[in-house]
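Chemist: Okay, predicted coordinates and the sequence, questions at the end:
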Number of protein chains: 2
Amino acid sequence: MESEDDFKEFIINGDKKFVPHLSIDCVIFGFHNNLLKVLLLKWGKIDGWSLPGGHVLRGENVEDSAYRILKERTGLTEIYLQQFKTFGKPKRTGNALELLFKSSGVNTNIKSWLLDRFISIGYYALVDFSKVMPTADWLSEKCAWHDINKIPPMLFDHNEIVEEALKSLKFAIYHQPLGYNLLPERFTLPQLQKMYETILNKKLDRRNFQKKILSLGILNRLEERMKIGPHRSPFVYSYNKEKYEAALKEGISFSF
Amino acid sequence: MESEDDFKEFIINGDKKFVPHLSIDCVIFGFHNNLLKVLLLKWGKIDGWSLPGGHVLRGENVEDSAYRILKERTGLTEIYLQQFKTFGKPKRTGNALELLFKSSGVNTNIKSWLLDRFISIGYYALVDFSKVMPTADWLSEKCAWHDINKIPPMLFDHNEIVEEALKSLKFAIYHQPLGYNLLPERFTLPQLQKMYETILNKKLDRRNFQKKILSLGILNRLEERMKIGPHRSPFVYSYNKEKYEAALKEGISFSF
């Protein structure tokens, strides 16, 4: 959406282009400075934060819609995407859209498909923080990363959606190697452990963690070390893409 | 649906009552004679099987819709229900509904909300096989259990939905104790092991399985044995409801 005219056309005729009653919300996770982050939008016309989201084109596969929306917000095309839950409480969107209409000078008596009930399909994405270009639009004042522990109160039921996404990510990490999408290409085992600890929200034993993660056989140790403290220069690792893909497909069973 | 009149009213005016473009499909799992079963409907008017499903009332919570649909088919009110995936390919329903209209004597040029695109929310349910009363209706000729390994080719994308439900169930069993809903009230450890083996589709070591399952502390050993072979009379167990509920809430970490 790039202008007020775009917005008014969308309010009145959007349902000719998009499937009514259905939306998509994306929880975009990134990992930076040992912290798990989520990408949020600050609305310009009304005061509030929300998840980036959008709608499904009439002939479009729902999964393709999610990729399209993510590309608009992050600039990335190859990202790890996972549908995790659909949200369908009757009044989940509250009155935020009426407020938006009012503050945008749109007559609130207008019959708009946007004021109907919406059921939203939640996807989470794992992205390499350093490669993302957070992108706002006409409706949003800014698009910014937030620490998972400092998510502001959001519009609609979006706080609940973030919580559920995190819960799904916690389950997933027991069965899938997820670091390839969240970490930079080269990383150390302490960094990888920190990623696991952040997602699981608990401390892990260093020796036990390293033994388990190496036994998966999906990491390559490179011939270099990274200086991370006065007496700490751990080896640098990268993922073996082929073995990583196989583990992702077959699933692993990890317990900590 | 109880008559042809009900059906015609539903075709023409159903979208006044139900949210358009959105359906619910239920994969109802039961466990009987050491086999995992799924409850399917045989359509009367056209030749084909499908999952039991339905629509969301305009003011209804989506989860409540799933419970309502399940109650209609099984007679049960207290069942374990889990949303697992939403299915949104553009042509996922094929032309089965046009065929149904034709064979029911409905004019196929009629404008019906049912011929629009539908996105379907998948739920799986775990039920006690012995307590279910499979219930057909005017549209369905019968409602019957099928072995998970002998699912017939189904209408729409319902074979894919069953596969995805089974995949989710496999993941869930590593984190949740699921036997309470699938087994009768009193059971033996060999029965419980068979349930795990059937869902995971692999043999488990008896001694290792028993050690792990007992260490969860959610089973009560009763003062009786069940004769299951000439020289085999294992103890009978039941779940400790309170500890089971706690494990379900907090999650467990199981690996086989």
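Modeler: Received it, and whenever you're ready, just let me know what you need.

Chemist: Can you verify my assumption that A:L40 contacts A:K150?
Modeler: No: if you go by Cβ atoms under 8 Å, A:L40 and A:K150 don't touch, sitting 10.6 Å apart. Just so you know, the C-beta spots here come from the backbone N, C-alpha and C atoms, and that holds for glycine as well.

Chemist: Output the set of residues of the stretch 151-256 of chain A in proximity to chain B.
Modeler: A:F171, A:Y174, A:H175, A:S253, A:F254, A:S255, A:F256 (Cβ under 8 Å from any Cβ of the partner chain).

Chemist: Could you rerun that using 6 Å?
Modeler: Proximity of the stretch 151-256 of chain A to chain B, by Cβ under 6 Å from any Cβ of the partner chain, involves residues A:S253, A:S255.

Chemist: So, low pLDDT: which residues of the stretch 151-256 of chain A?
Modeler: The stretch 151-256 of chain A contains residues with pLDDT under 70 at A:256.

Chemist: Break down it into its helices, ranges please.
Modeler: Using DSSP state H, counting those that start in this stretch, the helices assigned to the stretch 151-256 of chain A run over residues A:158-172, A:179-182, A:189-200, A:206-215, A:241-250.

Chemist: how distant is the shortest one from the center of its chain?
Modeler: Counting by Cα atoms, centre = their mean, to the nearest Å, helix A:179-182 is centred 13 Å from the centre of its parent chain.

Chemist: same question, the third one
Modeler: Put simply, helix A:189-200 sits 18 Å off its chain's centre (Cα atoms, centre = their mean).

Chemist: try the fourth one
Modeler: The chain centroid and the centroid of helix A:206-215 are separated by 27 Å, computed with Cα atoms, centre = their mean.

Chemist: Adding distance to A:W113, write the helices of the stretch 151-256 of chain A out as TSV.
Modeler: Listed next are these as TSV, based on distance: least, Cβ to Cβ, whole Å:
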stretch	distance to A:W113
helix A:158-172	20
helix A:179-182	35
helix A:189-200	37
helix A:206-215	49
helix A:241-250	38
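
Chemist: Name the stretch among the ones you listed that sits most buried.
Modeler: helix A:179-182 (a mean of 21; mean count of other Cβ atoms under 10 Å in any protein chain shown).

Chemist: Where is the longest strand in chain A?
Modeler: The longest strand of chain A (DSSP state E) is strand A:18-32.

Chemist: how about that one: buried residues?
Modeler: A:18-31 (16 or more other Cβ atoms under 10 Å in any protein chain shown).

Chemist: Give me the sheet partners of it and which way each runs.
Modeler: Paired neighbours of strand A:18-32 in the sheet (DSSP bridges): strand A:35-43 (antiparallel), strand A:53-57 (antiparallel), strand A:119-126 (parallel).

Chemist: Can you give the contact residues for the second one?
Modeler: The set of residues that contact strand A:53-57 without belonging to it, under Cβ atoms under 6 Å, 6 or more residues apart in numbering or on different chains, is A:F18, A:V19, A:L22, A:S23, A:I24, A:D25, A:V62, A:S65, A:I69.

Chemist: residue contacts, the third one?
Modeler: What it means is A:L22. Counting by Cβ under 6 Å, 6+ apart, A:L22 makes contact with A:V56, A:I119, B:I119.

Chemist: what about stretch A:47-59, start to end distance?
Modeler: Stretch A:47-59 stretches 34 Å from its first residue to its last (Cα to Cα, to the nearest Å).

Chemist: For it, which residues meet the burial criterion?
Modeler: A:G48, A:W49, A:S50, A:L51, A:P52, A:G53, A:G54, A:H55, A:V56.
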